[in-house]
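Colleague: any chance you could fold what I've pasted below:
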Amino acid sequence: MQNIISKGKNIKEAISIGLELMDATKQEVNIEILQQETKGFMGILGKQAVVKLTRMTAKTPKPELNVLDEFEKMIENEQSPLPEFEKGIEEESSPLSELEIYRKRKLQMEELSGKVWVEEGQLKCKSSPNNFPMVTIGEGIQLFKDNQLVKDKTLIVSEANNYAVKVEDEARETRWSIKMDASKLIVELKIDPGYTLRRSIKDTAPEQHIDLKVEEKKEIVNTLQYADIMKKLEELRVIHGFYQDEIIKATQTNTEGTFLIAEGIKAQPGKDGWVELKVNVDDIDEGPKETTGGRVDFRETKTLSSVERGQVVAIIHPPEPGKMGYTVTNEPLPAKQTHPITVRAGNGINVVDDKIVATLSGRPLLEKRGKLVRVAILPKLIHKGNVDLASGNIRFKGDVEIFGEVDERMVVKAEGDVTVHKTITNATITSAGAIVTYSNIISSEVSAGKNNLLVVELGDLLGILYRDTEQIISVIKQLTLSPGFKSSDFARGGLQPLIRILLEKKFKNFQLRAKNYVEMVRQNENDLFDDDWKEVSLAMTQLFLSITKEVISIDRIKDLTLKMKELYEQSQDTVDSNTYIAIPNVLNSQLYCSGNIMVHGQGTVNSKIHSGGKLMISGNIRGGEAYGRLGVEVNEVGAESGRPTLISVPDDQTIIIKKAMEGTVIQLGTMKHIFNQTTDNVCARLDRDGKLVLHY
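Modeller: Model prediction:
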């Protein structure tokens with residue numbers, strides 16, 4: 001009788017191997033189980049199944065019960081899963097024989113020798129006498145060896161020890177805050193939702209050395225509740241203007257953000273009194289006209305407006321009050337106080353109830369400065385000859401047109417426009433409106449909108465005085481709050497002793513500037529149609545420049561400061577489209593205009609030009625200085641002789657030059673640039689950082 005003992009990873013495999021070795025079938029052998037298989041660490045250290053197979057002879061009775069069938073049933077009921085890498089072998093080698101599977105698995109076991117890996121968050125290894133598996137512990141990971149925390153960064157691992165890996169989750173609470181602005185009109189909620197970081201050890205394939213790494217999964221947790229928000233709003237006494245949708249969004253958001261959760265009602269501004277014009281007071285600008293010969297006629301650039309006697313020029317409207325607003329705490333917000341318009345009736349104008357009526361025929365003139373409007377009807381003076389010693393100087397409350405020349409040392413002054421058809425030599429031309437000439441200007445002084453220039457100059461000086469006065473008020477307030485201050489010290493004599501000390505010790509330049517302002521107003525009082533400039537001059541003299549027994553209170557200084565601020569703000573808006581200078585050529589002269597200046601002929605030579613609007617020169621600038629408050633455009637600047645020429649604008653404007661000769665200087669604000677060589681198509685400006693940018 002032939003028998004054999006066969007081993008396998010399980011009963012089925014042991015039987016299959018034995019049958020293959022005996023070259024027999026299941027029906028030709030008796031099967032005896034000597035040892036059941038046992039599972040070890042990942043199937044490596046377990047015991048194999050052992051069976052004894054005996055070939056049956058003819059005399060051997062066939063058993064009544066097929067033992068193999070029983071074993072097959074028992075094997076099919078086994079539920080133990082294979083390790084991951086064994087499953088792979090089983091699936092990949094299913095067409096192979098059981099013996100080949102056995103050999104391949106054995107080879108796999110040998111490949112794991114001396115290696116370490118992470119499977120399902122557990123550290124596993126296979127010892128080897130030749131290679132020692134090693135582990136480097138990553139950030140945020142704790143490794144315990146036989147329940148002892150490992151302090152080394154890198155260590156050798158062995159099957160003889162038990163290992164446990166620990167990582168900690170991290171959680172942060174939701175951060176939120178509610179802020180109300182100073183005006184109590186806006187309530188905003190800022191929220192940064194909390195989160196939980198779920199950490200685990202990343203699975204790693206078997207290697208001789210591995211790095212333990214952490215895997216993180218972030219879960220956003222917004223714990224802000226609607227009740228929390230409403231409780232905080234109640235603490236802030238917010239009872240008006242809730243945005244419920246935004247409140248709910250804030251409790252549901254998963255991202256950091258700001259939500260407007262309540263808003264008050266702003267006070268609606270009213271409207272100051274105003275003048276509604278019933279006629280056109282602006283000259284119609286039709287632009288230069290081209291003649292049949294192709295030349296440009298600058299005589300026909302504008303069509304002048306005019307009114308008839310008895311015609312309604314404008315209607316005066318009273319101020320309209322604004323609407324009150326409410327804060328989120330339901331406090332009233334009063335609207336800004338509105339003011340009526342003040343109308344000064346000039347020549348040829350009467351005010352009848354709310355109507356401004358012309359009593360003369362002529363050109364209507366309207367000038368506005370803040371809450372003051374001056375309206376007049378300007379007649380026109382036509383002078384057909386020269387302005388010389390025979391005719392005398394011309395001073396006229398209206399428009400002036402001169403068909404001849406203006407000779408040396410002669411003066412032409414008009415409250416309207418001035419037009420001169422021939423040469424102006426060493427003379428003075430002053431106009432409240434526009435100045436137009438059709439010939440050369442030589443060694444003369446030409447000013448258009450002089451009262452505007454005066455207002456600008458006074459306004460700039462008043463702006464400095466206004467800021468100083470505010471500081472004086474601030475210092476006085478600080479002193480009155482100090483412990484050593486006694487109100488009784490100034491109750492009888494007022495603040496004048498204290499003001500005198502401040503002017504001597506802290507504000508040393510204040511009195512000099514104040515004297516300059518007072519003197520400028522005195523010299524030009526006939527050109528200032530707004531009496532507020534004179535009132536400020538008088539108040540400044542009483543408070544700061546004279547010794548008086550009159551009691552000076554801080555309220556008087558505050559009233560003066562408010563008036564100074566209003567006049568300063570009015571002075572900043574002085575560009576009038578009806579105030580301009582249009583001329584062909586200028587030599588050794590001075591040009592001043594509160595509006596635009598246009599030189600449409602050959603250009604200027606050694607002249608000083610100041611434009612409160614835009615300066616446009618189609619010809620050349622040879623020497624001298626040119627300033628344009630709203631920018632400069634010029635064809636050519638400089639001279640072959642290197643004569644210095646300066647072109648300047650404020651820091652927010654642009655200079656455009658088609659050809660800048662060597663030696664030309666441009667200035668934008670305080671930034672200067674000198675051209676070292678002739679340059680074409682220059683466009684200069686300052687960037688946001690105040691650096692000069694040149695485009696060619």
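
Colleague: can you name the residues bridging to residue 5?
Modeller: residue 52 (DSSP bridges).

Colleague: so which residues of the stretch 201-350 of the chain form strands?
Modeller: 204-207, 209-212, 214-221, 257-263, 274-277, 284-285, 289-290, 296-297, 302-303, 312-317, 325-326, 332-333, 342-345, 349-352 (DSSP state E, counting those that start in this stretch).

Colleague: do the stretch 351-500 of the chain as well
Modeller: Counting by DSSP E, counting those that start in this stretch, the strands of the stretch 351-500 of the chain are 355-358, 363-369, 372-378, 380-383, 394-396, 399-402, 411-414, 418-420, 424-425, 428-431, 435-437, 440-442, 445-448.

Colleague: tell me the secondary structure at residue 12.
Modeller: At residue 12 the chain is in helix, as set by DSSP: H, G, I helix; E, B strand; the rest coil.

Colleague: okay, now it: neighbour count?
Modeller: Residues lying near residue 12 (other C-beta atoms under 10 Å) number 20. (Glycine included, C-beta is placed from N, CA and C.)

Colleague: could you do residue 162 as well?
Modeller: By other C-beta under 10 Å, 10 other residues sit near residue 162.

Colleague: can you list the strands of the stretch 201-350 of the chain in TSV and add mean neighbour count, distance to residue 659 and mean pLDDT?
Modeller: Shown next, in TSV, are the strands of the stretch 201-350 of the chain (neighbours: other C-beta atoms under 10 Å; distance: least, C-beta to C-beta, whole Å; pLDDT from 0 to 100):
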stretch	mean neighbour count	distance to residue 659	mean pLDDT
strand 204-207	15	74	90
strand 209-212	17	70	92
strand 214-221	12	65	91
strand 257-263	18	54	96
strand 274-277	16	44	92
strand 284-285	10	29	50
strand 289-290	12	26	48
strand 296-297	13	22	49
strand 302-303	15	31	50
strand 312-317	18	48	94
strand 325-326	17	58	94
strand 332-333	14	58	94
strand 342-345	16	48	89
strand 349-352	14	50	93
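
Colleague: per-residue confidence averaged over stretch 620-627?
Modeller: Averaged over stretch 620-627, pLDDT sits at 94.

Colleague: nope, stretch 421-440 is what I was after
Modeller: So the average pLDDT for stretch 421-440 ends up being 94.

Colleague: mind exporting it as PDB, just the C-alpha atoms?
Modeller: Output in PDB follows, covering the C-alpha atoms of stretch 421-440 (Å, rounded to 0.1, in the frame of the first residue of the first chain):
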ATOM      1  CA  HIS A 421      -7.100 144.200 -32.500                       C
ATOM      2  CA  LYS A 422      -3.600 145.500 -32.700                       C
ATOM      3  CA  THR A 423      -0.300 145.400 -30.800                       C
ATOM      4  CA  ILE A 424       0.000 145.900 -27.000                       C
ATOM      5  CA  THR A 425       3.300 147.400 -25.900                       C
ATOM      6  CA  ASN A 426       4.500 147.900 -22.300                       C
ATOM      7  CA  ALA A 427       0.900 148.200 -21.100                       C
ATOM      8  CA  THR A 428      -1.400 146.700 -18.500                       C
ATOM      9  CA  ILE A 429      -4.600 144.900 -19.600                       C
ATOM     10  CA  THR A 430      -6.900 143.600 -16.800                       C
ATOM     11  CA  SER A 431     -10.200 141.900 -17.300                       C
ATOM     12  CA  ALA A 432     -12.700 140.100 -15.100                       C
ATOM     13  CA  GLY A 433     -13.700 138.000 -18.100                       C
ATOM     14  CA  ALA A 434     -11.800 137.000 -21.200                       C
ATOM     15  CA  ILE A 435      -9.000 138.700 -23.100                       C
ATOM     16  CA  VAL A 436      -8.600 138.200 -26.800                       C
ATOM     17  CA  THR A 437      -5.900 139.900 -28.900                       C
ATOM     18  CA  TYR A 438      -5.100 139.600 -32.600                       C
ATOM     19  CA  SER A 439      -1.600 141.000 -32.600                       C
ATOM     20  CA  ASN A 440       1.600 140.800 -30.500                       C
END
